[in-house]
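Trainee: pasting a predicted model and its sequence here:
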Amino acid sequence: MTLVLIVALGTGAILFGIGVYGALSQTNLVMIMMGVELILAGALVNLVAFWRVLHPESYSGQMFVLVVM
């Protein structure tokens, strides 16, 4: 695996972990939604990283992420 993929997957995992902690440790609905948004952002970072490695000539994965965000 390339270094860029490892960094992107690490960033996505950190975002996902912070989001899980934030969603499970809070009682305020707004803070829970912020945690869920971080979970989604971490998953989307991993999606873009894998899509870029598997299909570097295609931009449809990045457009999918923009639509989901």
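Mentor: That came through fine.
Trainee: could you report the neighbour count for residue 25?
Mentor: 10 (other C-beta atoms under 10 Å). All C-beta atoms are positioned from the backbone trio N, CA, C, and that covers glycine.
Trainee: thought residue 20 was touching residue 36?
Mentor: No. Assessed by C-beta atoms under 8 Å, residue 20 is found out of contact with residue 36, at 9.4 Å.
Trainee: show me where this protein has helices.
Mentor: Per DSSP state H, the chain carries helices over the ranges 3-25, 29-54, 60-68.
Trainee: put the alpha carbons of stretch 61-69 into PDB.
Mentor: Output in PDB follows, covering the C-alpha atoms of stretch 61-69 (Å, rounded to 0.1, in the frame of the first residue of the first chain):
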ATOM      1  CA  GLY A  61     -16.400   8.300  -6.300                       C
ATOM      2  CA  GLN A  62     -15.500  11.800  -5.500                       C
ATOM      3  CA  MET A  63     -18.800  13.100  -7.000                       C
ATOM      4  CA  PHE A  64     -20.700  10.500  -4.900                       C
ATOM      5  CA  VAL A  65     -19.000  11.800  -1.700                       C
ATOM      6  CA  LEU A  66     -20.000  15.400  -2.700                       C
ATOM      7  CA  VAL A  67     -23.600  14.400  -3.100                       C
ATOM      8  CA  VAL A  68     -23.700  12.500   0.200                       C
ATOM      9  CA  MET A  69     -22.100  15.400   2.100                       C
END
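Trainee: can you redo the helices of the chain as JSON lines with mean pLDDT?
Mentor: Shown next, in JSON lines, are the helices of the chain (pLDDT from 0 to 100):
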{"stretch": "helix 3-25", "mean pLDDT": "94"}
{"stretch": "helix 29-54", "mean pLDDT": "92"}
{"stretch": "helix 60-68", "mean pLDDT": "81"}
